[in-house]
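Q: Sequence first, predicted model second:
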Amino acid sequence: MAVTYPRRLRGWRFILLNGATGLANVAVLSNVPGYTILGPYAAGDLQGVTPSFGSWGTTDHMIGLALGFPIARWLAARFGDYRVYATALVVYAIFSYLCAISGTIRSFVPMRVLLGLAGGVILPVGQAILLGEYPPEKITLGVGIWGVLSMMPFTIGVFMGGWYAEYLGWRAMFLSNVVIALTVAGIAGSLLYGHRIKRHISRFDGVGFFLLAIILLGMQTIFNQGNDFDWFASPVLAGALVVVIVALPCFFIWELGERRPAIDVRLLAHRNYIVATICSVLGFSNGAWPC
């Protein structure tokens, strides 16, 4: 039976947890803009592939981040939040090291996807752990701090990527991830050991997650390789399009009938949510349209 310790962290322990989880959050998110700057350097070093191939390390990494979120909820509920958090940080360090030692684009991109998957678990679980330590009257302050820590990496990540490229090389960014992830895992695991464990076993929506992975990876493969392989003149990309077209309606039908869906598509029935989603899609796709 799981044991629950209701007392929250106080004093320097509470401050240390804020700093550690914030550092992990910044490290995970800064890997997106940071690698965008390092992409051409990585492409030139990974057996001399073109910069467009090197950009796969950014786009596929973000797919991994997106896929990590539905896994995070299930893992935290089943095994306990701080255990999942510490384990995900260790896994993040492992895949960061494998990214750093990769010699070809074929070995690098899968490691970037798995790195994003671990990062997608770290982000929501870390937020839940930290906000759980705030008293109810200060929860708004915690949300505000976390919001700043979630936006800051997209500014400093560009600077960090340029600095690594200039002085240490693109692989140094991934090696720094190893140090940060293992340090935060040790701090969080020590501070939260045996603390506020809440577990309940729930069924994982494996079918929904599988369909979601097929859709996201298929679409991103088309976008990644379209310019280099003449879009749907390529049998591989044409096949990927067919798979996505078939999987998309299957995903929505399955999720609408699932009690604990991987992605709750019923949220699209809410006006505010659907408007925000459309605006986000249009905003992020703006740079993709030709001038």
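A: Perfect, thanks for sending it. Everything numeric in this text was worked out from a predicted model, so none of it was measured.

Q: Can you pull the domain assignment for the protein?
A: 11-192, 206-288 (automatic domain parsing).

Q: Find the one among these with the highest mean neighbour count.
A: domain 11-192 (a mean of 19; mean count of other C-beta atoms under 10 Å). (Each C-beta comes from the backbone N, C-alpha and C, glycine too.)

Q: and the end-to-end length of that one?
A: End-to-end span of domain 11-192 (C-alpha to C-alpha, to the nearest Å): 14 Å.

Q: Off-centre distance for that domain?
A: Domain 11-192 sits 7 Å away from the centroid of its parent chain (C-alpha atoms, centre = their mean, to the nearest Å).

Q: looking only at pLDDT, what's the mean for it?
A: Here domain 11-192 scores 85 as its mean pLDDT.

Q: Might you report the residue contacts of the nearest residue in space to Gly162 that is not next to it in sequence?
A: By the measure of C-beta to C-beta, 6 or more residues apart in numbering, the closest residue to Gly162 outside its immediate chain neighbours is Ile37, 5.3 Å from it. Ile37 sits next to Val158, Gly161, Gly162, Ala165 when contact means C-beta atoms under 8 Å, 6 or more residues apart in numbering.

Q: what does Thr277 give?
A: Leu268.

Q: State the pLDDT value of it.
A: Thr277 is given a pLDDT of 80.

Q: What strand or helix carries it?
A: If you go by DSSP states H and E, Thr277 is part of helix 271-285.

Q: can I get the CA coordinates of that helix in CSV?
A: Provided in CSV are the C-alpha atoms of helix 271-285 (Å, rounded to 0.1, in the frame of the first residue of the first chain):
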residue,chain,number,x,y,z
ARG,A,271,-15.2,27.1,-28.0
ASN,A,272,-12.2,28.6,-26.2
TYR,A,273,-10.1,25.5,-26.7
ILE,A,274,-10.8,25.2,-30.4
VAL,A,275,-10.2,28.9,-31.0
ALA,A,276,-6.9,28.7,-29.2
THR,A,277,-5.9,25.6,-31.1
ILE,A,278,-6.6,27.2,-34.5
CYS,A,279,-4.8,30.3,-33.6
SER,A,280,-1.7,28.3,-32.4
VAL,A,281,-1.7,26.2,-35.6
LEU,A,282,-2.0,29.3,-37.8
GLY,A,283,0.6,31.2,-35.8
PHE,A,284,3.2,28.4,-36.0
SER,A,285,2.5,27.6,-39.6
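
Q: now Pro135: how far from Asn31?
A: Per C-beta to C-beta, to the nearest Å, Pro135 is found 32 Å from Asn31.

Q: before we move on, what about Ala24?
A: According to C-beta to C-beta, Ala24 stands 11 Å off from Asn31.

Q: Please identify which of the contacts of Ile37 is nearest to Ala43.
A: Ala165 (12.1 Å; C-beta to C-beta).
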